[in-house]
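Novice: Sequence first, then the predicted structure:
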Amino acid sequence: MSIRQVLEWKELNLSIWILVSISFFIHYLAEKNNKINYSGLIYKHFGIFADSAFAAITYGLAATTSAAILKGVYIQQFFGDVVYFNNFSSLDINSMLVVCIFLLGYSFWATVKAVINAILQGHSEDAVPVYD
């Protein structure tokens, strides 16, 4: 499967939203009873549920938007059969390519990190000092 086929896949946005939603739901379930040591993903002061919801929405939107822009930039720059961005210089388009790759990668990294933290820290207990 080529990069172009992945970017033009009809179910790409739905797949991204499902992945992000499930990941942050797992994070919420692991952290919902951890009110004392919860460090927060984005907005700690709104509570664990709101923080998980805001994170899922933020990273879901960032991932789907960057994937859509990346699709246009990639197809326009490497294939030239369709022009998605009129009146943009080559520097602008290459800059969008770099920013979108970073944003998409960061969104997936944050999503995977939330699941890993939920799995590793969700079953841990607080250390209790032992006094003599």
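Specialist: Alright, I've got the coordinates. Quick caveat, the model's predicted, so the values are computed rather than measured. Numbers count the residues shown, from 1 in each chain.

Novice: Give the full set of residues in contact with Val102.
Specialist: Just so we're on the same page, residue 102 is Phe rather than Val. Counting by Cβ atoms under 8 Å, 6 or more residues apart in numbering, Phe102 makes contact with nothing. Glycine gets a C-beta too; all of them are placed from N, C-alpha and C.

Novice: An error on my part: the question was meant for Val82.
Specialist: For Val82, the contact set (Cβ under 8 Å, 6+ apart) comprises 75-76.

Novice: what's the spacing between it and Met1?
Specialist: Using Cβ to Cβ, to the nearest Å, one gets 20 Å for the distance from Val82 to Met1.

Novice: ok, the closest residue to Ala114 other than its chain neighbours - contacts?
Specialist: Leaving out its chain neighbours, the residue that sits closest to Ala114 by Cβ to Cβ, 6 or more residues apart in numbering is His27, at 4.2 Å. Neighbouring residues of His27 by Cβ under 8 Å, 6+ apart: 41, 52, 55, 114-115, 117-118.

Novice: outside of the helix or strand of the chain with the lowest mean pLDDT, which residues touch it?
Specialist: Across the helices and strands of the chain, the lowest-confidence element by mean pLDDT, DSSP states H and E is helix 3-8, at a mean of 82. Outside helix 3-8, the residues that touch it by Cβ under 8 Å, 6+ apart are 12, 67, 70-71, 74-75, 79.
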